[in-house]
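Visitor: Output the structure for:
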Amino acid sequence: MSKELRCRLIRNTMTSMMAILRARGDEGSDRYPSKPEITAMAKRIVQYYPMLQDKGLKNTWVTVFTQLYKRLQNVRSPQKRKKDGSHSKSSTKRHHLEHPDDTDEIDSNDSTVILDLSTEGSSRSDPSNKERANKPAHSASPDAASQATLAKHYKALQALFERKNPNYQDVSHLLDLEFAARRLFIDSDTIREEDRPEKILEAYPCFKDIGHVMDELRRILDMRNCNFISELKERWHDFCQKVQFFGVSKNMLKPPMGIDKVQQAVEILRVLPSLFPSMSGLPKKVRDLSQALVHVLEEKEDPNSYLRKRPLTCPVLIVSSSNCLLAVGNVPITTFPKDKVTEGAVYLMAYYCTLHLTYPKCVATLMSLIQTEVLLDNIHESDLTSSYKKSMAEWKAFIGQ
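Guide: Okay, the predicted model is just below:
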């Protein structure tokens, strides 16, 4: 997190703590936050923002506590009005330090940081909402912060986008703060499905970065777990190892011996829709189900030409001789190193969740199975189709569960 955002966080957190005490209206309403209260808040902050933790220390919140306490020491005591109308200083004094903390560099009116863990997403299904069928199941709390505060966060986010190379941590921090309003906008279904990727990426160009999309997936499914992404990749790696032998048992894959990891990953992506088939047939002009996931460019084949002719509008991985391109519909979104194609399906799922896209019917069973087995996310009740139940039963029997 940048120095500026840290300053704002410290200053406005202390301001909020004091405002809460003042609003109580009881005997202790004129007091200041105590050390135990500041300690509790420091622990809460580093839990919410892991990048602020002190590395190598048993208590990872010491630095944040120190900054909060220094900020408190720099706050002037309110003046109490005497009965005769004059003012006197409060008996509880807060002296200015000789060298004020750098949190004073930011005007307290710059922003208001509301620290509330209730903004986290949840992976619950909503049986009453039939429009959620074949989509990743998640929700966000629209009441997590005031509309004015969320609008201020979005304005600050847009200001960062205008820079040539915005700081990744700054963008991530603001995405955390603005999460509730963003998910309300994306998940509302007020935007047509075919227009959703363009509108969302126009509003949030940061989602052209796979790193930010993976972070959004974490916010949606398990916001408090700072190890979510690494754990997700481990689950995907374990899933692929089992799929490899599952495919061999069905004579759809060759044994993995002597096969390059990239080639092996591409072959798994190609065969996955056939290993976990859906009841619906192939869409028009689609010759192979694997086109819903991956396409390997032939020699001298142009990716843009392929995308213009592609009949499907779902996210896809395009593998070339040098790198991988992730596209949604016929629009290229981002590229990544070819050796990362082993995580390609996880990236696709992250875009499905982030952009709130519907799974194509031809691969709905596969995507739902990945959602439950790898993302550990619930699916909509209407997605518990006979093909899903059959594929899941075969899969569980094969892995011995």
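Visitor: sec struct for Leu325, please.
Guide: Assigned with DSSP: H, G, I helix; E, B strand; the rest coil, Leu325 falls in the strand class.
Visitor: So what's the residue count around the closest residue to it other than its chain neighbours?
Guide: Excluding the flanking residues, the one nearest Leu325 by Cβ to Cβ, 6 or more residues apart in numbering is Ile318, at 4.3 Å. Where C-beta positions appear, they are placed from N, C-alpha and C, glycine not excepted. Counted by other Cβ atoms under 10 Å, the residues lying close to Ile318 total 21.
Visitor: and Ile318, that's in a helix?
Guide: No - looking at Ile318 with three-state DSSP, it is strand, so not inside a helix.
Visitor: shouldn't it be in contact with Val328?
Guide: No - using Cβ atoms under 8 Å, Ile318 makes no contact with Val328, being 11.6 Å away.
Visitor: residues in contact with the residue nearest to Leu325?
Guide: 294-297, 303, 306-307, 324-327 (Cβ atoms under 8 Å, 6 or more residues apart in numbering).
Visitor: Go again with 6 Å.
Guide: Counting by Cβ atoms under 6 Å, 6 or more residues apart in numbering, Ile318 touches 295, 303, 325.
Visitor: who does it bridge with?
Guide: Per DSSP bridges, the residues bridged to Ile318 are His295, Leu325.
Visitor: Check what pLDDT it gets.
Guide: For Ile318, the pLDDT comes out at 96.
Visitor: Any chance of a PyMOL selection covering the buried ones in the contacts of Ile318?
Guide: Buried residues among the contacts of Ile318 (16 or more other Cβ atoms under 10 Å), as a PyMOL selection:
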select buried, resi 295+303+325
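Visitor: Could you single out the nearest of the contacts of Ile318 to Met252?
Guide: Nearest to Met252 out of the contacts of Ile318 is His295 (Cβ to Cβ; 18.7 Å).
Visitor: so how far is Arg22 from that closest one?
Guide: 61 Å (Cβ to Cβ, to the nearest Å).
Visitor: cool, Arg31 as well?
Guide: Arg31 sits 9 Å away from Arg22, going by Cβ to Cβ.
Visitor: burial of Phe228, as a residue count?
Guide: For Phe228, the count of nearby residues is 19 (other Cβ under 10 Å).
Visitor: Pull the contacting residues for Val374.
Guide: Residues near Val374 by Cβ under 6 Å, 6+ apart: 235-236, 239.
Visitor: Restricted to buried residues, select those in ChimeraX.
Guide: ChimeraX command restricting those to the buried ones, with burial defined by 16+ other Cβ under 10 Å:
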select :235,236,239
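Visitor: can I get the contacts of Val374 in TSV with distance to Glu381, pLDDT and secondary structure?
Guide: Shown next, in TSV, are the contacts of Val374 (distance: Cβ to Cβ, whole Å; pLDDT from 0 to 100; DSSP: H, G, I helix; E, B strand; the rest coil):
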residue	distance to Glu381	pLDDT	secondary structure
Arg235	24	97	helix
Trp236	25	97	helix
Phe239	24	96	helix
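Visitor: for the contacts of Val374, which one is nearest Val271?
Guide: Using Cβ to Cβ, the contacts of Val374 come closest to Val271 at Phe239, 13.5 Å.
Visitor: can you tell me which residues contact that closest one?
Guide: Contacts of Phe239 (Cβ under 6 Å, 6+ apart): Val374.
Visitor: Would you mind measuring from it to Val374?
Guide: 5 Å.
Visitor: tell me what the helix or strand containing Thr354 is packed against?
Guide: Per DSSP states H and E: Thr354 is located in helix 344-355. In terms of contacts (3 or more Cβ pairs under 6 Å, 6 or more residues apart in numbering; DSSP states H and E), helix 344-355 is packed against helix 196-203, helix 210-222, strand 315-319.
Visitor: Just give the nearest non-adjacent residue to Pro273, would you?
Guide: Leu289 (3.7 Å).
Visitor: Go ahead and confirm that neighbour touches Val271.
Guide: No - counting by Cβ atoms under 6 Å, Leu289 stays clear of Val271, with 9.4 Å between them.
Visitor: moving C-terminal of the helix or strand bottoming out on mean pLDDT in the chain, what's the next helix or strand?
Guide: In the chain, no helix or strand scores lower on mean pLDDT, DSSP states H and E than strand 87-89, which sits at a mean of 42. Counting by DSSP H and E, the next helix or strand C-terminal to strand 87-89 is helix 147-161.
Visitor: Nearest residue to the middle of this structure?
Guide: Glu216 (1.3 Å; Cα atoms, centre = their mean).
Visitor: So the closest residue to it other than its chain neighbours versus Leu253, what's the distance?
Guide: Excluding the flanking residues, the one nearest Glu216 by Cβ to Cβ, 6+ apart is Thr354, at 4.6 Å. Look at Thr354 and Leu253: by Cβ to Cβ, they are 30 Å apart.
Visitor: now do Ala364
Guide: Applying Cβ to Cβ to Ala364 and Leu253 gives a distance of 22 Å.
Visitor: So which of those two has more stuff around it?
Guide: For Ala364 versus Leu253, neighbours defined as other Cβ under 10 Å are more numerous around Ala364 (23 against 20).
Visitor: did I read that right, the more buried one in a helix?
Guide: Yes - per three-state DSSP, Ala364 lies within a helix segment.
Visitor: pLDDT at it, what is it?
Guide: pLDDT, the model's per-residue confidence, is 93 for Ala364.
Visitor: Hmm, it is touching Pro277, no?
Guide: No - contact criterion Cβ under 6 Å: Ala364 and Pro277 do not qualify, at 10.2 Å.
Visitor: what about the residue nearest to Cys240 when sequence neighbours are not counted, which helix or strand?
Guide: Distances taken as Cβ to Cβ, 6+ apart place Ile268 nearest to Cys240, at 5.7 Å, with adjacent residues excluded. Taking DSSP H and E as the definition, Ile268 sits inside helix 261-275.
Visitor: Which other helices and strands does that helix contact?
Guide: Helix 261-275 sits against helix 228-249, with contacts defined as 3+ Cβ pairs under 6 Å, 6+ apart.
Visitor: can you pull the buried residues of the helix it packs on?
Guide: The neighbour-count check on helix 228-249 (16+ other Cβ under 10 Å) flags 228-229, 232, 235-236, 239-240, 243-244, 246-247 as buried.
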